[in-house]
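**Q** Using only what follows, build the 3D model:
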Amino acid sequence: MIASKMDSDPADTCSNSSTYTAELTDTHRRVAYATIAISCLCLAAMATVLPVIHLRLDSAQSDIQRRMDVFSSSSRGLWQDLVAEKRVRRQGGYGSGPAADEQQCHSCVQLNVGGWRGG
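**A** Numbers count the residues shown, from 1 in each chain. Prediction:
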C-alpha cells in the first residue's frame, strides 16, 4: 500500500484533489441552494401568518373593549340605582328612624353570588 502511493504519478494526485475539490464545491453549492430555498419558504410563511395573527388579536381586542363598555354602562346604572335607593331611605320612604332602616337593610336584598348567600 505504501509502495503503491510512492510509485503513483504526481499528476494523478493533483487530478484526484481537483476532483475532490469540485465535488466539495458542488456539495457546498447544493447546501447553499437548499438553505436559500428553506429561508424563502420561512419568509413566505411568516408573510402569511403574521397578518392573520394581527387580525385575530385586533378582533379579540375589539371584543374585549365592547365587553368592557357593556360592563361599564351596566355598573354605572347599578350605582345610580344604589344612590337613588340610599336617597329614598334617608328621606324616610320606607319608614322612619334607624330601626326601620336596619329592618329594611337586612330584609331587602339577599345576594346569590356563586353559591354564597350574603344578607
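
**Q** going forward, measure contacts and count neighbours with C-alpha atoms only.
**A** Will do.

**Q** Packing partners of the helix or strand where V49 lies?
**A** Element membership for V49, per DSSP states H and E: helix 10-90. Using 3 or more C-alpha pairs under 8 Å, 6 or more residues apart in numbering; DSSP states H and E, no helix or strand is in contact with helix 10-90.

**Q** What does the pLDDT read for F71?
**A** In this model, F71 is scored at 92, pLDDT.

**Q** er, V49 I mean
**A** As predicted, V49 sits at a pLDDT of 97.

**Q** Same question for V109.
**A** The model reports V109 with a pLDDT of 55.

**Q** Going forward, the N-terminal residue is numbered 36.
**A** Renumbered: residue one is now 36, and that last one reads V144.

**Q** Tell me the confidence at T56?
**A** You'll see T56 listed with a pLDDT of 76.

**Q** What number of residues are in the vicinity of it?
**A** Here the number of neighbours of T56 (other C-alpha atoms under 10 Å) works out to 12.

**Q** Tell me, how many residues neighbour L78?
**A** Per other C-alpha under 10 Å, the neighbour tally for L78 reads 12.

**Q** Then R124?
**A** By other C-alpha under 10 Å, the residues close to R124 number 18.

**Q** From T62, how far off is it?
**A** From R124 over to T62 the distance is 90 Å, taken as C-alpha to C-alpha, to the nearest Å.

**Q** likewise V123?
**A** V123 is 90 Å from T62, by C-alpha to C-alpha.

**Q** Might you list the low-confidence residue ranges for the chain?
**A** For the chain, the stretches flagged by pLDDT under 70 are 36-52, 55, 126-154.
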